[in-house]
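>>> 3D, please:
(one chain, ligands or ions: 1)
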Amino acid sequence: MRVGNKLAAASTALMLTGATAGPGAWNFEADAVGGPAKGFSAEVGRWEVALDGGNRVLAQRAQNANRVYNVALVEGTSYKDVDVSVRVKPGAGELDQGGGLVWRAKDKDNYYIARFNPLEDNLRLYLVENGRRTQLDHADVKGDRDWHTLRITMKDREITGWLDGEKLLVAEDSTFPDAGRIGVWSKADAQSYFDDLKADEAP
Ligand SMILES: [Ca+2]
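Predicted structure coming up:
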């Protein structure tokens, strides 16, 4: 009995510290529509599970000011060299539309971010440090409001990004060398849908 309790405590400690970084996948199918997504920390913005047809997705609902970055991080994740992907569908937004992926996040103000913006017809890679962003790479892409798959790998300081299987982003940066959380992101009033977030350690 005593051993069992110790094992349970150790297991809980691992979950809380995020010491593991194996394969993970989040598709929201077990979450209640209109409620929070299990395992996600809504750092900035209003995040809730929504229906897109019969498919459950994570929706960003806030209509924030232009300088605000909406961020939802996945609790307990800790990836350094990472292969992470998500599907994103742009919805409403006057100031901004679309969204993307966050990785090696320390908190809501420090992370790497890649996002698709159909208003600007581009895909961009940024570093956000203390809430201020610096562009690391850019690609022109045709904007629309369909579902798109964004994938990022980061190995040591090398970042590579794909949109719908096409390699479009390449950069090197060493601002955040340590493991961090993954998450999803939109800017200002970009009310976007996210689904099928997947992550694993990069080989
Ligand atoms: Ca889903």
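
>>> can you list the residues of this structure near the ion?
27-28, 55-56, 195 (CB under 5 Å from the ion). Placement of C-beta: from N, CA and C, glycine included.

>>> Most neighbours among those, which one?
Highest neighbour count within the residues of the chain next to the ion, by other CB atoms under 10 Å: Phe28, with 23 neighbours.

>>> residue contacts, that one?
37, 49, 56-58, 195 (CB atoms under 8 Å, 6 or more residues apart in numbering).

>>> Just those residues: which are in strands?
If you go by DSSP state E, these have 49, 56-58, 195 in strands.

>>> Quick check: beta-bridge partners of Lys167?
Trp162 (DSSP bridges).

>>> I'd say it and Gly161 touch.
Yes. Lys167 is within contact range of Gly161, at 7.4 Å (criterion: CB atoms under 8 Å).

>>> ok, these two, which is more surrounded?
Gly161 (24 against 11).

>>> which residue packs closest to the more buried one, ignoring adjacent ones?
Spatial nearest neighbour of Gly161, chain neighbours left out: Leu169 (3.1 Å); criterion: CB to CB, 6 or more residues apart in numbering.

>>> and what of Ile159?
Ala171 (4.7 Å).

>>> So, low pLDDT: which residues of the protein?
1-20 (pLDDT under 70).

>>> which residues of it fall in helices?
Assignment of helices within the chain using DSSP state H yields the ranges 2-17.

>>> picking up where we left off before, and the residue nearest to Ile159, how many neighbours does it have?
19.

>>> surely it meets Leu136?
Yes. Counting by CB under 8 Å, Ala171 does reach Leu136; the two are 4.1 Å apart.

>>> Give me the common contacts of those two.
Counting by CB under 8 Å, 6+ apart, the shared contacts of Ala171 and Leu136 are 125, 159.

>>> In contact with the residue nearest to Ile159: list those residues for me.
125, 136-137, 158-159.

>>> who's the closest residue to Thr134 other than its chain neighbours bridged to?
Sequence neighbours aside, Leu127 is the residue nearest to Thr134 in space, at 4.9 Å (criterion: CB to CB, 6+ apart). Beta-bridge partners of Leu127, counted by DSSP bridges, are Tyr112, Thr134.
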